[in-house]
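Asks: Have a look at this prediction, sequence included:
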Amino acid sequence: MHRAFMASVVILLSLAPPAAADDTPKHGGTLTYVIPADAPPSFDGHRENTFATIHAMAPFYSVLIRANPDNPSDTTQFVCDVCTAIPESADGGRTYVFPIRNDARFADGSSLTADDVAASWNEVTNPPAGVISAQRGYYSIVEKIEAPDANTVVFRLKYATAAFLPALANPYIFIYAKAILDDPNRGPHWYEKNVMGSGPFRFKDYQAGQSISGERNPDYYRPGLPYLDGFVGIFADKQATRVAAIRSDRAAIEFRGFPPATRDELKAAVGDQLTVQESDWNCGALVTPNHQKKPFDDARVRRALSLVIDRWHSAPALAKITIEKTVGGVSFPGSPLAATKDELQQLAGYWPDIEKSREEAKRLLKEAGAEGLSFELLNRNVDQPYKFNATWVIDEWSKIGLKVTQRVLATGPYTEAIEHGDFAVTLDGDCQTVVNPLLDGTKYLPHSVSPFNFGYYDDPEEIDIYDRMLRETDFARQRDLMRRFEKRVLDTEAHEIFLLWRYRIVPYRSYVKGWKISPSHYVNQDLATIWLDR
């Protein structure tokens, strides 16, 4: 991987005066922050894939390796958490041997050993019957995980791949106690409703739908950390509530991100008491046609829907009012495998001449017998970015005579509808953790391979291209395969209609120090390095 590329990924814009050179962390105080959800579905990081679980639970747990909290924007650089060194691969890139520290303890006082690390990772990669592993699909490359002694964990892979090390920095893979996972009276489901980790904070209290709190872990294995005495996370699913909390200083920060207007509103209200960090965001917005519904089983129709959308001219306007900004393709913008602008402009929907593109769309629809097509767009009842995207694409489609209505559902019914294929076309999203372009591409594989793809199609050729790309260790050949994969997914077959990449804006009270933004709202959320300067 090219380490230099991430220099262009994150732009940090501080709207407050720069920190003094002699700023040193201070111990003490309680951080209050808002979590933009009504509650996490469960406490179990292995089971869930929502930021609500990460923002509530990450402070209580350790992981194997993680993004560097001092520079989380460089997601090719990783640091140990419960390991003591990140090893070079052995056996032609198929074996990784991790030494595990011997001073980490769980909240009940028991020692954390390599057995706990191996058991936690085995539960994710090869879950027992009846146990859900939301991250399992990312680890089909793993053949075996074992702990030959108390201080060593060995990962053996089916084949060498550049995707593996970034995949280990997944913030959802909390280290659980093997004794609990193996206990017939508790077992893996215990962690869905209980908390017992070895992270910088210990669990204090949970009020369902209201708040979660933690207190400093006096036995934390990193000397001097955490700086905070504790934290309180307040659940608030309405943006107006979260903004009011930061404005009135009832909360200091919301880690997910706000639209530009909110940043400006808060800046106007509290002035230099506000700091803002901004970053390109490893979250993409998609339109997914259901290939099992006519006429969306026809690639010409799907391709036409993409050709009509004017991404290049719409993006600057949308960036002023939404959390979206960047035109891109399958790979995160700025990453080594991402398409250049010239490469993107070769794809359907990205042509520089929008009128030519729309004429081609009309031709394809006529050829497919779908002129003047009418259909319903399934949407999620979330303003940013779902409702804005719906308004945008429906207006774009109307410019060639398509008649589109919306069916807007709350998150639960919306999720149920897409999981059961109860839609013709739906708005969708793809948010990833550590930037890992190879594994991030799994979203675009058929549903039989990737359960989070809802196009409901089969495409052996696409799977073959992806499989070869995942196994390819030569960067130039790997990048060529990504262009072929992207061409097939977004153009030739138009399995997905990619809209824009999000842009992350985090405004917060200036007394919050030690936190740095990353391209993912899942990363760098254990709060260990945050301190308060009040």
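Replies: That came in fine, so what should we check first?
Asks: For the chain, which residue occupies the most central location?
Replies: Central residue of the chain (C-alpha atoms, centre = their mean): Gln432, 2.6 Å from the mean position.
Asks: That one and Lys443: what is the separation?
Replies: Separation of Gln432 from Lys443 (C-beta to C-beta, to the nearest Å) stands at 8 Å. For glycine as for every other residue, the C-beta is placed from the backbone atoms N, C-alpha and C.
Asks: try Phe332
Replies: For Phe332 relative to Lys443 (C-beta to C-beta), the value is 12 Å.
Asks: Which neighbours do those two have in common?
Replies: Here Phe332 and Lys443 have Gln432 as joint contacts, going by C-beta atoms under 8 Å, 6 or more residues apart in numbering.
Asks: neighbour count winner among these two?
Replies: Phe332 (27 against 20; other C-beta atoms under 10 Å).
Asks: Return the per-residue confidence for that one.
Replies: pLDDT recorded at Phe332 is 94.
Asks: quick one: it is in a strand?
Replies: No - counting by DSSP: H, G, I helix; E, B strand; the rest coil, one finds Phe332 to be coil, located in no strand.
Asks: Quick check: Ala317 is in a strand.
Replies: No - under three-state DSSP, Ala317 sits outside any strand and is assigned helix.
Asks: list the contacts for it?
Replies: Per C-beta under 8 Å, 6+ apart, neighbours of Ala317: none.
Asks: next one: the lowest-mean-pLDDT helix or strand in the chain to chain centre, how far?
Replies: The helix or strand of the chain with the lowest confidence, counting by mean pLDDT, DSSP states H and E, is helix 411-419 at a mean of 88. Averaged C-alpha coordinates place helix 411-419 at 19 Å from its chain's average position (C-alpha atoms, centre = their mean, to the nearest Å).
Asks: Show me what the next helix or strand after it is packed against.
Replies: Counting by DSSP states H and E, the element after helix 411-419 in chain order, helix or strand, is strand 425-431. For strand 425-431, the packing partners by 3 or more C-beta pairs under 8 Å, 6 or more residues apart in numbering; DSSP states H and E come out as strand 274-289, strand 374-380, helix 388-398, helix 411-419.
Asks: Gln345 reaches Trp351, doesn't it?
Replies: Yes - assessed by C-beta atoms under 8 Å, Gln345 is found in contact with Trp351 at 6.2 Å.
Asks: In terms of neighbours, single out the busier of these two.
Replies: Trp351 (19 against 14).
Asks: Tell me, what's the model's pLDDT at that one?
Replies: 98.
Asks: List the buried residues of the strand or helix carrying Lys267.
Replies: Following DSSP H and E, one finds Lys267 within helix 260-270. By neighbour count on 16 or more other C-beta atoms under 10 Å, the buried set for helix 260-270 is 260, 262-263, 266-267, 270.
Asks: What of stretch 156-174?
Replies: Counting neighbours by 16+ other C-beta under 10 Å, one finds that the buried residues in stretch 156-174 are 157, 160-174.
Asks: Can I get it in PDB? Just the C-alpha atoms.
Replies: Once non-C-alpha atoms are left out, stretch 156-174 reads as follows in PDB (Å, rounded to 0.1, in the frame of the first residue of the first chain):
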ATOM      1  CA  ARG A 156      -3.200 -18.500   9.000                       C
ATOM      2  CA  LEU A 157      -4.700 -17.400   5.700                       C
ATOM      3  CA  LYS A 158      -5.900 -19.400   2.800                       C
ATOM      4  CA  TYR A 159      -3.800 -17.100   0.500                       C
ATOM      5  CA  ALA A 160      -1.700 -14.000   0.700                       C
ATOM      6  CA  THR A 161      -3.600 -10.700   0.300                       C
ATOM      7  CA  ALA A 162      -2.800  -7.000   0.900                       C
ATOM      8  CA  ALA A 163      -6.300  -6.700   2.400                       C
ATOM      9  CA  PHE A 164      -5.600  -8.700   5.600                       C
ATOM     10  CA  LEU A 165      -3.700  -6.300   7.900                       C
ATOM     11  CA  PRO A 166      -6.100  -3.400   7.500                       C
ATOM     12  CA  ALA A 167      -8.900  -5.900   8.100                       C
ATOM     13  CA  LEU A 168      -7.400  -6.700  11.500                       C
ATOM     14  CA  ALA A 169      -7.900  -3.100  12.600                       C
ATOM     15  CA  ASN A 170     -11.700  -3.500  12.600                       C
ATOM     16  CA  PRO A 171     -13.000  -1.600  15.600                       C
ATOM     17  CA  TYR A 172     -16.000  -4.000  16.000                       C
ATOM     18  CA  ILE A 173     -13.800  -6.900  17.000                       C
ATOM     19  CA  PHE A 174     -13.800  -6.400  20.700                       C
END
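Asks: any idea of the mean pLDDT in that stretch?
Replies: 95.
Asks: what sits against Ile309?
Replies: Taking C-beta under 8 Å, 6+ apart, one finds 349, 393, 396-397, 497, 499 in contact with Ile309.
Asks: Determine how far stretch 245-255 lies from the middle of the whole chain.
Replies: Offset of stretch 245-255 from its chain centre (C-alpha atoms, centre = their mean): 23 Å.
Asks: any residues touching that stretch, and which ones?
Replies: Residues from elsewhere that reach stretch 245-255 (C-beta under 8 Å, 6+ apart): 31-36, 55, 234, 236, 242, 244, 265-266, 269-270, 506-509, 511-512, 515, 521, 525, 532.
Asks: List only buried entries from those.
Replies: 31-36, 55, 234, 236, 242, 266, 270, 506-509, 511-512, 515, 521, 525, 532.
Asks: Those in helices, which ones?
Replies: Those of the buried ones among the contacts of stretch 245-255 mapping onto helices are 55, 242, 266, 270, per DSSP state H.
Asks: Between those residues, which sits nearest Leu181?
Replies: Leu181 lies nearest to His55 out of those, by C-beta to C-beta, at 23.9 Å.
Asks: what's the spacing between that closest one and Phe43?
Replies: In terms of C-beta to C-beta, His55 sits 12 Å off from Phe43.
Asks: Which of the contacts of Ile309 sits closest to Leu225?
Replies: Taking C-beta to C-beta as the measure, Leu225 sits nearest to Leu499 out of the contacts of Ile309, at 40.0 Å.
Asks: That closest one belongs to a strand, doesn't it?
Replies: Yes - assigned with three-state DSSP, Leu499 falls within a strand.
Asks: And for it, the neighbour number?
Replies: For Leu499, the tally of surrounding residues (other C-beta under 10 Å) stands at 27.
Asks: Please look at it and Leu286 and confirm they touch.
Replies: Yes - contact criterion C-beta under 8 Å: Leu499 and Leu286 qualify, at 6.4 Å.
Asks: Same question for stretch 81-98: list its buried residues.
Replies: For stretch 81-98, by 16+ other C-beta under 10 Å, it's 81-83, 86, 89, 94-98.
Asks: Out of the helices and strands packed on strand 425-431, which one sits most buried?
Replies: Stretch with highest mean neighbour count among the helices and strands packed on strand 425-431: strand 274-289 (a mean of 24; mean count of other C-beta atoms under 10 Å).
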